[in-house]
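Peer 1: coordinates only, no sequence provided:
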């Protein structure tokens, strides 16, 4: 067609067709939708009977459009709270059918975090995933890579990262208030005994022999997901799965992910070069009753090497500069030991103080230099989804943090020392530990 033959009607028709093509929603094309800050985000929750219910409450300023749980009875209260949300049992059906979703909350047991988060990112959805990010080290590396490739906003559920305490720790260390840091003690004094968590009812240290019937509302096949199949038992679901190696990452993945966060952030720690563990009560099935795990981190630029010791189910030695009669933080925390002083804080980086208190009162605190989060950790993720600017604990940050925690679990499982080659994602000194870097999925499941 020549220019002379192009009528005004043809031109307008062609322009309208082109415009119609260019405004096809990004969700249909497989990429993340551009959400204006003034527009509400459409959120789906996957795994909403436990911690997911709490996460959703912090997202209620957005549209909760879909809910998915393999056990509708366990999730019944959450389902009732959001009567307009569409309900699913299988996350794959949700992602296939529900095209209006912008972001997905993943709060299932640890062993299914990776497969669900990966499927959501490949579908172009922003992802908020509970800690620990994954169940094995390889999964963490792959999720961080996928988040970058799919250009989606991500966040791991370590809420302390959005809090004031973690920022103060970072600013104090960076300003040199405690001098050069070469050693850190961190701990969680809670223990899985009886095997369970914080008083939950599991009493087993080996697989239960009895085989009670599967509850009528529970899809056990979906709950097991990529893990090796075993018969249903209430020792696994609900709530007590975290202590089992096949399903949970134990205290290291739970409280360790929270407590390591301010340390890794403030000291700019990369990957450790070695990890060594001694455990008490470790079995092939369940996490130990207690353990001491030592991480060695190399020098970073002008920062010296760091030795980080994790005490699980026990406490570290009391520092000399902690005043007599003063309590260590309840349940867990850390001592960041510098050449000029020590910072003590609780779980999540809560209530940091330089010890002794007399020194805290003498020191001149630096100006606050890090941006503060306006609202909850979940709302920081929403901001990232709408602005295109990364959330504080996105997968680029939380993926390596999770790798470190899971290396601690790997050392616990062999009750020994591992040498870590982070660049090549391999353990160089232990064939037994190497198989734990990437665990084998059950047939029919893939990342």
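Peer 2: In hand now; what should we look at? Predicted, not measured: the structure shown is a model, and the values here were computed from it.

Peer 1: not counting its neighbours along the chain, what's nearest residue 381?
Peer 2: residue 155 (3.8 Å; CB to CB, 6 or more residues apart in numbering). For every residue, glycine as well, the C-beta is placed using N, CA and C.

Peer 1: likewise residue 425?
Peer 2: Using CB to CB, 6+ apart, the closest residue to residue 425 is residue 141 (5.9 Å).

Peer 1: low pLDDT regions in the protein?
Peer 2: 1-30, 193-203 (pLDDT under 70).

Peer 1: going on from the helix or strand containing the residue nearest to residue 381, what's the next piece of helix or strand?
Peer 2: Using DSSP states H and E, residue 155 sits in strand 154-157. Next helix or strand after strand 154-157 toward the C-terminus (DSSP H and E): helix 164-174.

Peer 1: so residue 368: helix, strand or coil?
Peer 2: Following DSSP: H, G, I helix; E, B strand; the rest coil, the label given to residue 368 is coil.

Peer 1: for the residue nearest to residue 425, list the residues it contacts.
Peer 2: Residues in contact with residue 141 (CB atoms under 8 Å, 6 or more residues apart in numbering) are 399, 403, 425.

Peer 1: circling back to that earlier point, contact partners of the strand holding residue 155?
Peer 2: 51, 55, 107, 121, 126-133, 147, 257, 377-378, 380-381, 384, 391-398, 401-402.

Peer 1: can you tell me which of those residues are buried?
Peer 2: 55, 107, 121, 126-133, 147, 257, 377-378, 380-381, 384, 391-395, 397-398, 401-402 (16 or more other CB atoms under 10 Å).

Peer 1: what are the ranges of the strands in the stretch 1-150 of the chain?
Peer 2: Secondary structure of the stretch 1-150 of the chain (DSSP state E, counting those that start in this stretch): strands at 42-46, 63-68, 86-88, 103-106, 126-130.

Peer 1: typo on my end, the stretch 301-447 of the chain
Peer 2: With DSSP E, counting those that start in this stretch as the criterion, the stretch 301-447 of the chain has strands spanning 306-312, 332-338, 342-346, 353-355, 417-421, 426-427.

Peer 1: burial count for the nearest residue to residue 95 once chain neighbours are set aside?
Peer 2: What sits nearest to residue 95 in space, not counting adjacent residues and going by CB to CB, 6+ apart, is residue 123, at 4.9 Å. Each residue near residue 123 was counted by other CB atoms under 10 Å, and the total is 22.

Peer 1: one more: residue 326?
Peer 2: 12.

Peer 1: next one: residue 76
Peer 2: 13.

Peer 1: can you check residue 150 too?
Peer 2: For residue 150, using other CB under 10 Å, the count is 20.

Peer 1: of the contacts of residue 141, closest to residue 332?
Peer 2: Ranked by distance to residue 332 (CB to CB), the contacts of residue 141 are led by residue 403 at 20.7 Å.

Peer 1: and that closest one, how far is that from residue 257?
Peer 2: Residue 403 sits at a distance of 11 Å from residue 257 (criterion: CB to CB, to the nearest Å).

Peer 1: just residue 230 next, same as before
Peer 2: From residue 230 to residue 257 the distance is 26 Å (CB to CB).

Peer 1: got it, and residue 81?
Peer 2: For residue 81, the distance to residue 257 - CB to CB - is 27 Å.

Peer 1: cool, residue 157 as well?
Peer 2: Taken as CB to CB, the span from residue 157 to residue 257 is 9 Å.

Peer 1: find residues that contact each of these two.
Peer 2: In contact with both residue 157 and residue 257: residue 131, using CB under 8 Å, 6+ apart.

Peer 1: tell me the contacts of the one residue sitting closest to the centre of the chain?
Peer 2: Compute the mean C-alpha point of the chain, and by CA atoms, centre = their mean the closest residue is residue 131, 2.5 Å away. Contacts for residue 131 (CB under 8 Å, 6+ apart) come out as 156, 157, 158, 253, 254, 257, 258, 398, 402.

Peer 1: backbone phi and psi for the residue nearest to residue 357 when sequence neighbours are not counted, please?
Peer 2: Spatial nearest neighbour of residue 357, excluding adjacent residues (CB to CB, 6+ apart): residue 323 at 6.6 Å. Phi and psi for residue 323, reported as degrees, to the nearest 10, are phi -60, psi 150.

Peer 1: what of residue 186?
Peer 2: phi -130, psi 150.

Peer 1: report the beta-bridge partners for it.
Peer 2: residue 310, residue 334 (DSSP bridges).
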